Structures are given as structure tokens and as C-alpha cells.
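Asks: coords below, sequence missing:
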């Protein structure tokens with residue numbers, strides 16, 4: 001049952017991300033769905049028992065997202081085998097190996113489990129949030145650069161409706177938008193994970209609140225910057 005639930009989480013993330021970017025139902029995508037797209041995947045990674053399981057979950061999420069969001073590649077008729085088929089196979093294989101790195105983000109050595117569960121390591125939650133976000137952005141960077149670059153299906157594509165917020169790309173590039181979206185998903189997922197911990201430890205609370213405050217501050221700064229730039233353009 002646990003493994004079935006893990007697969008469901010991975011598929012749910014794929015569906016959320018596919019709906020978040022431009023599609024037949026939402027022509028301009030949905031930033032709101034984009035914010036939560038990685039939450040199920042994050043929770044699935046946190047429960048993975050092996051590196052291979054993490055690799056499988058990431059491979060499943062990316063390949064299904066590719067199929068759902070790039071179905072139009074099948075319109076190339078005789079070339080559909082290469083445009084949609086070959087690319088899906090490539091993502092399935094490459095993301096299986098990349099996904100195994102996520103296991104290291106959430107792995108807790110037996111010798112440190114008691115320390116972490118007791119809340120004596122205040123950096124545990126921030127560390128895995130930032131490592132998760134960094135690895136995911138590394139994946140998007142790899143997907144969007146080079147001769148075989150194909151940025152369709154990346155997180156920042158969900159932000160098109162938020163014109164003010166997306167102005168931050170002038171400073172950070174599009175990956176900066178993806179980073180903020182992934183950061184939101186990670187912090188929200190950590191909040192859900194903490195709700196299942198009984199009893200809650202004060203240091204865990206403090207770490208999470210610090211992350212949430214950082215998230216809020218970054219989003220507010222992005223909105224302020226976007227408002228200034230957007231207002232300047234209209235003048």
C-alpha cells in the first residue's frame with residue numbers, strides 16, 4: 001500500500017505541473033497550481049526507502065509530465081516516434097539516475113535519527129529544503145540548456161499570468177522564478193510533514209517558521225520589484 005501511495009504522489013505532481021503550465025484547459029496556465037505542483041513529490045521523496053525508489057519516483061513524475069504537457073509533439077506524424085517517444089524514453093532513463101540524488105537529501109543515518117527526531121538539529125529542515133530546491137533547479141537548468149534543450153514543462157512556465165511577479169526574471173532569469181515556486185512547494189510540504197509529527201519539537205517549529213518567513217519575504221520583495229518595473233514600463 002505504501003508503494004502504491006508513493007506512485008500516486010508522483011503521478012499527482014505530474015498532473016498538477018501539467019495543468020499549471022499552458023494547456024488545453026488553461027491556455028495561460030495556473031500559477032496557483034504551480035506553487036503546489038512539487039508538494040506530493042517532496043512528500044514521496046521524504047518517505048522513499050531506497051535511492052532506486054527515489055529515482056523511479058522522479059523518473060515517473062518527469063516522464064508523465066512530459067507526455068501530458070507535450071502531447072502535441074505527436075502531431076509530427078511519421079516523426080512522432082522521435083518527437084514524443086524518444087524524448088519520453090530519454091527523460092525516463094536520465095531522470096531515474098538524477099532522481100537517486102534526491103534520496104541523499106532525505107536520508108537520515110541511523111546514528112543521527114534520534115538527534116533529528118528530538119529536534120536537536122535545527123538545520124535539518126532548512127538543509128533538505130534547500131538541497132531539494134537546488135537539485136530540482138539543476139534538473140531544469142540541464143533540461144533548458146544545450147543542443148537538446150527543451151524548457152517546455154518547467155515550473156516558471158506556470159507564472160505567465162503573474163506578470164508583476166515574473167518581472168524578477170530580469171535579475172534572476174527564469175530559473176529564479178522556478179526556484180521560488182519550488183521553494184514554496186518545499187516549505188508547504190515540510191509543514192504537512194510536521195503536522196504528522198507528534199509531539200512537535202520547539203526547534204522544529206523555529207526552523208520551519210524561519211523558512212516560512214524567508215519564503216514570505218522573498219515573494220514580497222519579488223512583488224515590490226515587479227510593481228516598480230511594471231509601473232515604470234507603463235510610464
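Replies: Now that the structure is in, tell me what you want to look at. Since this is a predicted model, take the numbers as computed values, not measurements.

Asks: hey, let's count contacts and neighbours off CA atoms from now on
Replies: OK.

Asks: following the helix or strand bottoming out on mean pLDDT in the chain, which helix or strand comes up?
Replies: Least confident helix or strand of the chain, by mean pLDDT, DSSP states H and E, is helix 80 with a mean of 62. Downstream of helix 80, the next assigned helix or strand under DSSP states H and E is helix 87-106.

Asks: which parts of the helix or strand just after that next one are buried?
Replies: Next helix or strand after helix 87-106 toward the C-terminus (DSSP H and E): helix 110-117. For helix 110-117, the neighbour count (16 or more other CA atoms under 10 Å) marks residue 116 as buried.

Asks: Name the residues that touch helix 110-117?
Replies: Under the contact criterion CA atoms under 8 Å, 6 or more residues apart in numbering, helix 110-117 has outside partners 121, 124.

Asks: So which elements touch the helix or strand following that helix?
Replies: Note on helix 110-117: by DSSP H and E, the next helix or strand toward the C-terminus is helix 124-144. Counting contacts by 3 or more CA pairs under 8 Å, 6 or more residues apart in numbering; DSSP states H and E, helix 124-144 packs against helix 87-106, helix 174-195, helix 202-234.

Asks: per-residue confidence for residue 116?
Replies: pLDDT recorded at residue 116 is 71.

Asks: follow-up on the earlier one: so of the helices and strands packed on helix 124-144, which one's packed in deepest?
Replies: Here the criterion is mean neighbour count by mean count of other CA atoms under 10 Å, and of these the winner is helix 174-195, at a mean of 20.
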